[in-house]
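Model the following, please.
(chains A and B)
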There are 2 protein chains.
Amino acid sequence: MTDRIEADYLLESPVPAEKAAAILAGEQSSGTFMAVPGETEELKARSAARVERVEDMGPVAGPALPGAGQPDAPHRRARLTLSWPLGNTGTSLPNILATVAGNLFELNCVAGLRLTDLRFPEALVAASPRPAFGVEGTRRLSGVQGRPLIGTIIKPSIGLTARETAAMVAMLCKAGIDFIKDDELQADGAVCPFEDRARAVMAEINAHAERTGKKVMYAFNLTGEVDEMRARHDLVLSLGGTCVMASANSVGLTGLLALRRHAQLPIHLHRNGWGYLSRHPSLGFDFAAWSKLWRLAGADHLHVNGLRNKFCESDESALASARSLMQPLSAPHPARAMPVFSSGQSALQAFGTWAALKTPDLIFAAGGGIMAHPDGPAAGVRSLQDAWAAAMAGLTLEQAAKDSPALAAAVRTYG
Amino acid sequence: MTDRIEADYLLESPVPAEKAAAILAGEQSSGTFMAVPGETEELKARSAARVERVEDMGPVAGPALPGAGQPDAPHRRARLTLSWPLGNTGTSLPNILATVAGNLFELNCVAGLRLTDLRFPEALVAASPRPAFGVEGTRRLSGVQGRPLIGTIIKPSIGLTARETAAMVAMLCKAGIDFIKDDELQADGAVCPFEDRARAVMAEINAHAERTGKKVMYAFNLTGEVDEMRARHDLVLSLGGTCVMASANSVGLTGLLALRRHAQLPIHLHRNGWGYLSRHPSLGFDFAAWSKLWRLAGADHLHVNGLRNKFCESDESALASARSLMQPLSAPHPARAMPVFSSGQSALQAFGTWAALKTPDLIFAAGGGIMAHPDGPAAGVRSLQDAWAAAMAGLTLEQAAKDSPALAAAVRTYG
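Okay, here's the model as predicted:
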C-alpha cells in the first residue's frame, strides 16, 4: 500500500525520456522553470512528484503535435509513470485532475502526451463517494437479473414535446424495454421542459408498472446548475423514477460530486465531448484513466460506445473501455461502473460483445436496432433479449436465429 | 437580433463539406443515424440545427485524426457555421456546451474538427451571470489604475507551508507587487491547508495595507467541491481578501456557476489542462470559443499565456486569446474578462504585449522576471512597472533602459 497517486502516460518527445519525465514531474509539483530558493530538499521530499518508471518504446516519425521545440530532431515514444504524495492534493478529485492532467500537454518538450491510466491509494478510494448503486443497485431497481438491461434512447434527440416523449415511452414500455434514456441534447429547453417531461414520462412508466409489475428505468438528463440538478433529482425521486443522467464534461467533477452527495438514485454519466479528449492517439486521455476519476466521484453507469459503432472508435477501444470499468479501484472498494453500449447497436453485436467480455453486467442500448425492426419495437426488444440469451448459452447467431423469428428478422435487417 | 446560438468550426473531411455539415447539424439536433418516424417537418422547424455557412478552404494532405471513414480518399478543409434555436437548450450553459461540442468530434465523417468561435443571442448573454467585476472591479479592489496589474505566482508551486507562503507574500508586498496567485497545484493539501494559508497570507496582506494603504490582490485557489468553494470564499471575504481562483477544467461549468452565484469577489479562472483541449490544431477548441462560455458563467480573469512563453504556444495564439477576451459578447453586456499573461514573462515582453494590444487592462504575471532580478524582487517589480510605463509612452526598450536601472538590469538578465 502506498499513499501516492500514480499516473501512466504515453509520451512523445525529442528530449530523452528520463529527462522529459523529470521535467513533467517538476512542472506538476515543486519544480519551476527557473530555480527558486524555496525549493529545498525537505520540500522536495514532502511534495515532489516522482518518476516511477520510464520505458522507451522506440522512435516515431516526428512530432505528432506541432509547436514543440526541436521539430526536426529525432523523436521517441516512451511510457512513463509519475507519482504524487496524497499530501499535495488531499482526496480532492478536482485538484487531483489539475495535478495529473494540468499544464503538461503544452510543455515545450512534449510532442505528444496521453494520460493512459491512474492508480489510487486506498485512502483516496475510501474517502471518495464512488458509485452508490453500480451493477447491483441498477439490477435491484430495474428488476433485471442475469442478462444485460436492454435499453434505448429517445429519438429524435431533441424537438419532441413532453407529451410526445411520454407517448414514445408508453410504446417502448409495451415493447418490453428495460431502460430508456434522454438524449444528451435533451435537458430543459422550452420545447420539452424537464418538469413536464418527468411528470409525463413517469405517469406512463408508473402505469405500466402497475399493470405489469415492471418498473422501466428511465435516465432523466438533469444536466444543469447544482441547484437545478438537485431539484430535478428530487422531482424524479418523488415521481417514483429510478435514474438520473448528467453530462460529465458539462457539469465537471465538481458538478458531479455535488449531485452525488445529494442523490438517492443511480447516476447515468454521459461522456459527450469525449472525442475532443481522446480522438488524437497522442493527446488527451485513455478512457481507463479518465473514467476512474468519474467512478471515484460517483458515476454508476458510463458510456463506452459499442462494436461496429457509427462513430470512428474501434471495437478494441470500446471493449477496453468496458473492461476498464469492471477493473476494481481497490480490493475493499472496487467501485465498478456499469458500461453502457450504444451507437448503431442491434441484436447482431450481442454475440461479439458477450464473447469479448463474458459478462451480462451492462446496459445494451439500441435505437434503430429496436425501432427499425421490421416486426416492430417489441420484436426489436425480443431480438436483443434472444440474442443475449443465445450468446450466453454458447450458441452462434445462426443457431439462435433458427429458434427466434425476431432474431431472424434482425439478421435480415441489420446483417 | 436572432434567438439562435451560432458556432463556427474548422472541419476536415473526406465527405463534401455541405454534406458533412448537414451530418453534424443532424447529429447535434433532431437527426438520427436511421430515420425515425418522429422527425416531422414541424419538429425540424422548431428544433433542427441549421447550416448557416460553409466555406471550402481547399485540400489537405490526408486525415489529421485517425479512425475516420475513407482514410485514402481526398480530404478537404472547410469553415462551417451551425446554429441552434435557444429553445433547444434554454440559457443553460452546461447544456449549450453539450450541444456545440458534444458527440461531434468522433463522427465517422470527421477527420478533424475544431470549434473556433461562438456567438450568442442577447437573451442568453443577458440571462447569464457574466463577470461581476471584470476590469473595473479588479482595478477598484486592487487600487491599480492606468497600467497593468503586476503579478506573480507563489513558487514552488506546491510544498510550501502556510507560514512559508505568508513569508513569501510579505516579501512580495514589500517589493511593490499588485497581484499574487496560488499555483493551480496548491489548493487544500495536508502540507498547506487552505484555511491556514488564507489566514497567514491575509495577515501579511492586511498588515501591509495598514502600513501603506495598498491592498495587494491575492487569488486564493479554492478549487474543490461546491460547499468547500463556498466556505473558502466566505473565509477569504471575512479576512478581507479580494480574489478567489478556480481551475476551470476541474470544476466544470456547473462548478463555476455555483461559485459565481455565491461569490462576492472576482473569480480568477485558471485554464490548466488547456493543452489537452487545444494542442492539436485540427481538434478541440480555439480559446475564443471556449473562453466565451466561461465568461458567460462568470470568470473575471482568464489565463492566456504570454509572448515568448515557456510552453509551445505561439505569440500569435496568446495574443489572439487576449484579444478575444476583450471582444464584447453583446453590446449591452460586453462581459469582458481580464487577460492574465504569464509563463516566462519579464519586463522585456511588456513592449511587445503593449504594441500588439494597446491596452493596459490586463494582469501581467512574472515569476523569474521578478524573483530572479539581480537587484532583488523590488527591482523586478520596478522593472515591470517601468517597462509598461515606457511602452505606453511610446518609448523603446533601449530608450527606457537608459532611465531605469531596474529595467537596464532586466535587459542584461533576461535579454
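
confidence score at the residue in the stretch 251-400 of chain A positioned nearest to chain B?
Proximity to chain B, evaluated over the stretch 251-400 of chain A using CB to the nearest CB, is greatest for residue A:252 at 1.4 Å. From N, CA and C alone the C-beta is placed, and that goes for glycine too. In the predicted model, residue A:252 carries a pLDDT score of 98.

For it, give me its contacts.
A:94, B:249, B:250, B:251, B:252, B:253, B:254, B:255, B:256 (CB atoms under 8 Å, 6 or more residues apart in numbering or on different chains).

can you redo those residues as TSV with distance to residue A:320 and secondary structure?
Conversion of these to TSV gives the following (distance: CB to CB, whole Å; DSSP: H, G, I helix; E, B strand; the rest coil):
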residue	distance to residue A:320	secondary structure
A:94	26	helix
B:249	24	helix
B:250	26	helix
B:251	29	helix
B:252	25	helix
B:253	29	helix
B:254	29	helix
B:255	29	helix
B:256	32	helix
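
packing partners for the helix or strand harbouring residue A:19?
Element membership for residue A:19, per DSSP states H and E: helix A:17-27. With contacts defined as 3 or more CB pairs under 8 Å, 6 or more residues apart in numbering or on different chains; DSSP states H and E, the secondary structure elements packing on helix A:17-27 are strand A:4-13, strand A:50-60, strand A:75-85.

To chain B, which of those lies closest?
Chain B lies closest to strand A:75-85 among those, at 8.6 Å (CB to the nearest CB).

and the next helix or strand after the closest one, which residues are buried?
Using DSSP H and E, the next helix or strand after strand A:75-85 towards the C-terminus is helix A:86-89. Of the residues in helix A:86-89, those scored as buried under the neighbour-count criterion (16 or more other CB atoms under 10 Å in any protein chain shown) are A:86, A:87, A:88, A:89.

wait, does helix A:86-89 make contact with chain B?
Yes. Residues of helix A:86-89 are located near chain B by CB under 8 Å from any CB of the partner chain, namely A:86, A:87, A:88, A:89.

repeat for stretch A:396-410
No. Stretch A:396-410 lies out of reach of chain B by CB under 8 Å from any CB, never closer than 13.6 Å.

any idea how far that stretch is from the chain center?
The chain centroid and the centroid of stretch A:396-410 are separated by 31 Å, computed with CA atoms, centre = their mean, to the nearest Å.

which one of the contacts of residue A:252 is nearest residue B:355?
Nearest to residue B:355, judged by CB to CB, of those is residue B:249 at 31.5 Å.

which bits of the stretch 201-350 of chain A sit near chain B?
Within reach of chain B by CB under 8 Å from any CB, the stretch 201-350 of chain A has these residues: A:223-229, A:247, A:249-258, A:261, A:270, A:272-277, A:279-281, A:283-285, A:310-314, A:343-344.

which among those residues end up buried?
The neighbour-count test (16+ other CB under 10 Å) applied to these identifies A:223-226, A:228-229, A:247, A:249-258, A:270, A:272-277, A:279-280, A:283-285, A:310-313, A:343-344 as buried.

Among those, which ones are in helices?
A:226, A:228-229, A:249-258, A:274-277 (DSSP state H).

element containing the closest residue to residue A:400 other than its chain neighbours, please.
Ranked by CB to CB, 6 or more residues apart in numbering or on different chains and with sequence neighbours excluded, the top spatial neighbour of residue A:400 is residue A:390, at 3.3 Å. Element membership for residue A:390 (DSSP H and E) is helix A:377-392.

Which other helices and strands does that helix contact?
strand A:149-153, helix A:162-174, helix A:348-357, helix A:368-371, helix A:397-403, helix A:405-414.

End to end on stretch A:65-82, go ahead and measure it.
22 Å (CA to CA, to the nearest Å).

Also stretch A:384-402?
15 Å.

For the residue in the stretch 1-150 of chain A positioned nearest to chain B, what are phi and psi?
Residue nearest to chain B within the stretch 1-150 of chain A: residue A:105 (2.8 Å; CB to the nearest CB). Listed backbone geometry of residue A:105 is phi -70, psi -20, with angles given as degrees, to the nearest 10.

check contacts around the closest residue in space to it that isn't next to it in sequence.
If you skip the residues right next to it in sequence, residue A:105 has residue B:275 as its closest partner in space, 2.8 Å away by CB to CB, 6+ apart. Remark: with contacts taken as CB under 8 Å, 6+ apart, residue B:275 is in contact with A:103, A:104, A:105, A:106, A:107, A:110, A:113, B:311.

Kindly report the same for residue A:347.
With contact set as CB under 8 Å, 6+ apart, residue A:347 has these partners: A:366, A:369, A:383, A:384, A:386, A:387, A:406, A:407, A:410, A:411, A:414.

Ok, residue A:381 next?
Counting by CB under 8 Å, 6+ apart, residue A:381 touches A:150, A:175, A:176, A:177, A:370.

So for the residue nearest to residue A:298 when sequence neighbours are not counted, what's the pLDDT?
Among residues not flanking residue A:298 along the chain, residue A:260 sits closest, at 3.2 Å (CB to CB, 6+ apart). The score at residue A:260 is 98. That number is its pLDDT.

and the angle for the particular helix or strand that has residue A:260 in it with helix B:248-262?
Assignment of secondary structure by DSSP H and E places residue A:260 within helix A:248-262. Relative orientation of helix A:248-262 versus helix B:248-262 (axes from the mean of the first three to the mean of the last three CA atoms, to 10 degrees): 60 degrees.

From residue A:100, how far off is residue A:107?
14 Å (CB to CB, to the nearest Å).

cool, and residue A:252?
If you go by CB to CB, the gap between residue A:252 and residue A:100 works out to 15 Å.

just residue A:401 next, same as before
Distance from residue A:401 to residue A:100, by CB to CB: 47 Å.

Check residue A:78 too.
Residue A:78 sits 17 Å away from residue A:100 when distances are taken as CB to CB.

the more surrounded of the two?
residue A:100 (25 against 20; other CB atoms under 10 Å in any protein chain shown).

Give me the neighbour count for residue A:39.
21.

Please name the nearest non-neighbouring residue to residue A:412.
Beyond its immediate neighbours in the sequence, the residue positioned closest to residue A:412 (CB to CB, 6+ apart) is residue A:374, lying 7.5 Å away.
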